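Participant: compute the structure for the input listed below.
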Amino acid sequence: MSVTAKLDISTPGQFQVTGEQTNLSKSWEQYLKKFDYYIKAAGVTKDEQKRALLLHVSGQEIQDVFETFDDQGTTFNDAVAKLSAYFAPKKNISYERHVFHQEKQQNGETIDNYIVRLSKLAISCEFHDKKDMVRDQVVNTCRSAHLRRKLLEQTELTLDKVQSIARTFDLSETHSRHMTEPTSSQQNDELYRLRKPTKQNQSVATGNQQHNNGRGPKPGWAREQPGRAFEEPRRAYEQSTGYKQKTAICYRLW
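Facilitator: Predicted coordinates for the structure are as follows:
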């Protein structure tokens, strides 16, 4: 019984050749990683077995592509190199560098994560010094103007130094924010202060209650209801003089 059968190791499956060239290149790289894990787990060590297993497991479409090569080589590495060159897209260095320089630090993204993302993009840019280009891009496009000033103060700034300064800066910003945020007890005290009636509110409430129990309107009623400032005296006058009744009698006589 083989090692594969004992461990019940599933194969990476067949590789689909159709798709855009750029996506195929990335998919092929990922497929090779899966295949490498597979042959290690299965205990396949002989070169000719790895070569045959790659062409068998990857499927009919890979076999058809491989058969078109004039020089197929004889080793496993030869087969991998030929297929990788076939799927490799034609690079446009100017465009790749344009994409790199258009990148900016995203909201909520740490400098460490931003550096990782830029480093991946820089691979296809073929920069003479990738670390220096990543460093400059971080300084130019980081979201914090305060952090940018701290970086520009350095005379000999390297990418490692950028990471160190950025980590210290992010940590200090977090600590400062936590120190200035009110605690739960402070928030409760503030809510109690806002809900607790003041002397002015108590006097207003007492005055309103007294006037409501009496005959007169509560204080400030004329400001709250301007129309009543004229309505109340008119009604009092009509009740005292019988103005409405007299008017009604005149109407009937007329």
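
Participant: shaky segments in the stretch 151-254 of the chain?
Facilitator: For the stretch 151-254 of the chain, the stretches flagged by pLDDT under 70 are 181-254.

Participant: domain map for this protein?
Facilitator: For the chain, automatic domain parsing gives the domain ranges 3-87, 93-174.

Participant: and T180, which of the ones you listed is closest to it?
Facilitator: Nearest of the domains of the chain to T180, taken as Cβ to Cβ: domain 93-174 at 10.9 Å. Glycine gets a C-beta too; all of them are placed from N, C-alpha and C.

Participant: on that earlier part again, between the domains of the chain, which gets the lowest average pLDDT?
Facilitator: Ranked by mean pLDDT, the domains of the chain end with domain 3-87 at the bottom, a mean of 87.

Participant: now the domains of the chain in JSON lines, with mean neighbour count and distance to T180?
Facilitator: Converted to JSON lines, the domains of the chain look like this (neighbours: other Cβ atoms under 10 Å; distance: least, Cβ to Cβ, whole Å):
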{"stretch": "domain 3-87", "mean neighbour count": "14", "distance to T180": "45"}
{"stretch": "domain 93-174", "mean neighbour count": "14", "distance to T180": "11"}
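
Participant: name the helices or strands packed onto the helix or strand harbouring L54?
Facilitator: For L54, the host element (DSSP states H and E) is helix 47-57. When contacts are defined as 3 or more Cβ pairs under 8 Å, 6 or more residues apart in numbering; DSSP states H and E, helix 47-57 packs onto helix 21-42, helix 60-66, helix 76-87.

Participant: for K82, give its distance to V57.
Facilitator: Distance of K82 to V57, given as Cβ to Cβ, to the nearest Å: 17 Å.

Participant: circling back: and the helix holding L54 with helix 76-87, angle?
Facilitator: Relative orientation of helix 47-57 and helix 76-87, computed by axes from the mean of the first three to the mean of the last three Cα atoms, to 10 degrees: 40 degrees.

Participant: and for helix 47-57, what are the contacting residues?
Facilitator: 11-14, 35, 38-39, 44, 62-63, 66, 75-76, 78-80 (Cβ atoms under 8 Å, 6 or more residues apart in numbering).

Participant: between those, which is nearest H101?
Facilitator: Of those, the one sitting nearest to H101 (Cβ to Cβ) turns out to be V80, at 33.0 Å.

Participant: so how far is K104 from that closest one?
Facilitator: Distance, V80 to K104, by Cβ to Cβ: 37 Å.

Participant: how about D132, what does it touch?
Facilitator: Applying Cβ under 8 Å, 6+ apart, one finds that D132 lies in contact with L159.
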